[in-house]
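Novice: Turn this into a model:
(4 chains)
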2 protein chains.
Amino acid sequence: MKTTIYDIAKEAGVSATTVSKVINNKGRISEKTRKKIMKIMDDLNYRPSMLASAMKGKSTYTIALLIPDIDNPIYAQYMKYIEEYGQKLGFSIVMCSTGNDREREEKHLTLLRQKSVDGFIIASLFKNETTLKQLIKEKVPLVFFNNPKIEYSIDSVIVDDYLGGYQVGEHLLSLGHKKIGVIAEEHTSSEERIRGYRQACADKGVSVDDRLIVTCDSTLEGAQIQAEKLLSKEEKPTAIFGCNDVLAIGTMQAAKAQGILIPTELSIIGFDNTMMSRIVDPPLSTVTMPLDELAKQAMDILVQKIEKNNKITQRISMIPDLVIRQTTAPVNKAVQTNFIK
Amino acid sequence: MKTTIYDIAKEAGVSATTVSKVINNKGRISEKTRKKIMKIMDDLNYRPSMLASAMKGKSTYTIALLIPDIDNPIYAQYMKYIEEYGQKLGFSIVMCSTGNDREREEKHLTLLRQKSVDGFIIASLFKNETTLKQLIKEKVPLVFFNNPKIEYSIDSVIVDDYLGGYQVGEHLLSLGHKKIGVIAEEHTSSEERIRGYRQACADKGVSVDDRLIVTCDSTLEGAQIQAEKLLSKEEKPTAIFGCNDVLAIGTMQAAKAQGILIPTELSIIGFDNTMMSRIVDPPLSTVTMPLDELAKQAMDILVQKIEKNNKITQRISMIPDLVIRQTTAPVNKAVQTNFIK
DNA sequence: TTGAAAGCGCTAACAG
DNA sequence: CTGTTAGCGCTTTCAA
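Specialist: All right, here's what the predicted structure looks like:
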């Protein structure tokens, strides 16, 4: 039999209420009884059941994180920082992978609402508008993470993907590239990154060739296939922007397989600055974001909603930063001319 | 106000008991009332509170996974497969990273027990014997994952690390290597892998030089530092066994930094077959394990314990397999002789 | 085939 | 400063 608040009460010769009060530091309790109760709780190794207190309307100190896919190390990183900071705040994180699939997203959502988790951090695509509206109406605490939902009044914490894409564009353009391929994943963040990239091109007066912008599932293999196609086009790109590191690295593999030299014959740049970008050869140029800070903000906002019932909704955006490593270089005139003939 | 079982009962003109019975498919209910109740639940979009039912002694359908560190992709993989299969079984997974730190392990443990999670899968080091014994005594459902605790009668699911180490040893030896460095992480699995490796050496009559076996924290940087030391020894190894992929890849980076050619001048082999091993250049030889199967078994055992209160304890061990890629090659006689002079 | 009543472990009025 | 009482939403005897 697990020890309950009553066991403590009985042992201390007081009522359960009193014990509850000392547990929660509420009301006024004489220092004497408080000490006594504390000691007994300690002796009996008593731990209050969070289930029971949650039933009385308190929070469960559990939040759910929805991510598309752990295989992409960037999502593992989301998890890492969110869990780390959650730990500090006393929250547990339940991990839900969704594959960006609406059904799986919803299944997690309803299941976890039944379990009364306090809130949700959503990095998964989450395209279902009906459900989303429903959640907002029911005031379920949630914050979108690196997943802009500009059409809705919803809390979100994001890196400025648009700016990141712009930086990539500028960088590539400054290196003299004009034929630039883009491999994107089906996610709002990719879209924003591309939007930024396009703007950079527009600002420099370089026209973008839409046929060079392709989408694929966010796997090494998927990217490899798309990159191969891109690289066997007549109007072969001299640079490719992978909208995340996995995509960029898949592209590197495709290039290597075709004997294309990086960065001499092809510049490649990624996004996310995952550990992978440091271990490939040559090390991948990419874009980094302040993930720890993003995670912290997301948790803070959520906890505000949960504990203080905070009503204001905010949209926090952080600045990304280029990390130039060794996969980007000035366009190789020789190759270009050779190709144009 | 959330709809409760009573709202349904009232609407249907029956008692809460009856509703409860149809929810749980218990007792005998006329097909008519059952249909009626079902319909009303559906109309009102009723979802039973798992908190309340958990308070009556039912399970929470939540299990906790303790891992050392998400930064190592192999642990992200553990998470992935466990969560995936958990999803199928209707269980949510709460992720706890511990850094192999006893205090953090215990904090998670007590917190989650207060939250009444149904059980624990432990991949984290977990050296605290007192706590462990306590958990066993209290019959907390738990299974150790790739984390052999041979001294205790505890359920565990592991890859046969000993055999994996043996395979690595055999492979390296068959390539003619005699001076082999080993970089290990502080974890039971590393110890087993080394034990297997030693046995292989013994079987081939090759003596192992203990000064070539070193330990470090499981980071790229840590491994790099240790590898540098190893590679600047007089008795420089011709091959290095990284007890996991991170360690092996850190070693690759150290070698590259020193201009050492892989595999011509130095063979390197890892363990875990993470995605990283495929993207480094040259691709890393390593050892693979049937993670999906391991995860499945671990969950199945745990669920047996939770739902059927299964008493028997089992230790499941699966066979790993060498994946020879391009970082291992026959020892380079030239280098050897050159070195010996 | 159905329901009344008790209770899981805790907290929040309210009274004393 | 402390205790009584009621109740969160559900399940489980036991009786009808």
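Novice: how about A:Pro178, secondary structure?
Specialist: Rather than Pro, residue A:178 is Lys. With DSSP: H, G, I helix; E, B strand; the rest coil as the basis, A:Lys178 sits in coil.
Novice: Contact partners for it?
Specialist: By Cβ atoms under 8 Å, 6 or more residues apart in numbering or on different chains, A:Lys178 lies in contact with A:206, A:238, A:331. For every residue, glycine as well, the C-beta is placed using N, CA and C.
Novice: Can I get these in CSV including neighbour count?
Specialist: Formatted as CSV, these follow (neighbours: other Cβ atoms under 10 Å in any protein chain shown):
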residue, neighbour count
A:Val206, 17
A:Thr238, 24
A:Val331, 21
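Novice: Could you export these as TSV, including distance to A:Leu66 and secondary structure?
Specialist: Shown next, in TSV, are these (distance: Cβ to Cβ, whole Å; DSSP: H, G, I helix; E, B strand; the rest coil):
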residue	distance to A:Leu66	secondary structure
A:Val206	38	coil
A:Thr238	38	coil
A:Val331	41	coil
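Novice: Sort out which one of those residues lies nearest chain B for me.
Specialist: Taking Cβ to the nearest Cβ as the measure, chain B lies nearest A:Thr238 of those, at 21.6 Å.
Novice: Next one, pLDDT for the closest one please.
Specialist: We have a pLDDT of 96 for A:Thr238.
Novice: returning to what we had before: take the contacts of A:Lys178 and lay them out in CSV including distance to DNA strand C.
Specialist: Listed next are these as CSV, based on distance: Cβ to the nearest atom of the strand, whole Å:
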residue, distance to DNA strand C
A:Val206, 62
A:Thr238, 64
A:Val331, 66
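Novice: For the stretch 101-250 of chain A, just list every one of the helices.
Specialist: For the stretch 101-250 of chain A, applying DSSP state H, counting those that start in this stretch gives helices covering A:102-114, A:129-137, A:161-174, A:188-203, A:220-231, A:245-257.
Novice: For DNA strand C, find the nearest of these.
Specialist: helix A:102-114 (16.3 Å; Cβ to the nearest atom of the strand).
Novice: Just the buried residues of the closest one, please?
Specialist: Within helix A:102-114, the residues scored as buried using 16 or more other Cβ atoms under 10 Å in any protein chain shown are A:104-105, A:108-109, A:111-113.
Novice: Mind telling me the two of these farthest from one another?
Specialist: Using Cβ to Cβ, the buried residues of helix A:102-114 span at most 14.9 Å, a distance reached by A:Arg104 and A:Arg113.
Novice: Kindly report the residues of the stretch 151-300 of chain A close to chain B.
Specialist: For the stretch 151-300 of chain A, the residues in contact with chain B (Cβ under 8 Å from any Cβ of the partner chain) are A:220, A:249, A:252-253, A:256, A:275-276, A:278-281.
Novice: Any regions of chain A where pLDDT drops low?
Specialist: Regions of chain A meeting the criterion pLDDT under 70 cover residues A:333-341.
Novice: Walk me through the domains of it.
Specialist: In terms of domains, chain A is parsed into A:1-48, A:55-159+A:291-319, A:161-288+A:323-335 (source: automatic domain parsing).
Novice: Of those, which stretch is the most buried?
Specialist: Most buried of these, by mean neighbour count (mean count of other Cβ atoms under 10 Å in any protein chain shown): domain A:161-288+A:323-335, with a mean of 21.
Novice: Who are the packing partners of the host helix or strand of A:Val287?
Specialist: Using DSSP states H and E, A:Val287 falls within strand A:286-288. Here strand A:286-288 touches helix A:161-174, strand A:321-323, going by 3 or more Cβ pairs under 8 Å, 6 or more residues apart in numbering or on different chains; DSSP states H and E.
Novice: Distance to DNA strand D added to those, as CSV?
Specialist: Listed next are the helices and strands packed on strand A:286-288 as CSV, based on distance: least, Cβ to the nearest atom of the strand, whole Å:
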stretch, distance to DNA strand D
helix A:161-174, 41
strand A:321-323, 48
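Novice: Go through these and name the closest to B:Gly13.
Specialist: Of all the helices and strands packed on strand A:286-288, helix A:161-174 sits nearest to B:Gly13, with 55.0 Å by Cβ to Cβ.
Novice: Need the residues that contact that closest one.
Specialist: Residues outside helix A:161-174 that contact it (Cβ under 8 Å, 6+ apart) are A:146, A:148, A:180, A:189-190, A:192-201, A:204, A:206, A:239, A:241, A:267, A:269, A:271, A:285, A:287, A:289, A:319-322, A:324, A:328.
Novice: Mind doing that once more with 6 Å?
Specialist: Applying Cβ atoms under 6 Å, 6 or more residues apart in numbering or on different chains, the set of residues contacting helix A:161-174 from outside is A:180, A:189, A:192-197, A:199-201, A:204, A:239, A:241, A:269, A:287, A:320, A:322.
Novice: ditto for stretch A:71-81
Specialist: Contacts of stretch A:71-81 (Cβ under 6 Å, 6+ apart): A:67, A:70, A:123, A:218, A:246, A:272, A:274, A:276, A:291-292, A:295, B:70, B:76.
Novice: Likewise for stretch A:23-35?
Specialist: The contact list for stretch A:23-35 (Cβ under 6 Å, 6+ apart) reads A:21-22, A:48.
Novice: returning to what we had before: and the strand holding A:Val287, which strands flank it?
Specialist: Using DSSP bridges, strand A:286-288 pairs in its sheet with strand A:321-323 (antiparallel).
Novice: now the strand it pairs with, how far from the chain's geometric center?
Specialist: Taking Cα atoms, centre = their mean, to the nearest Å, one finds the center of strand A:321-323 at 18 Å from the center of the full chain.
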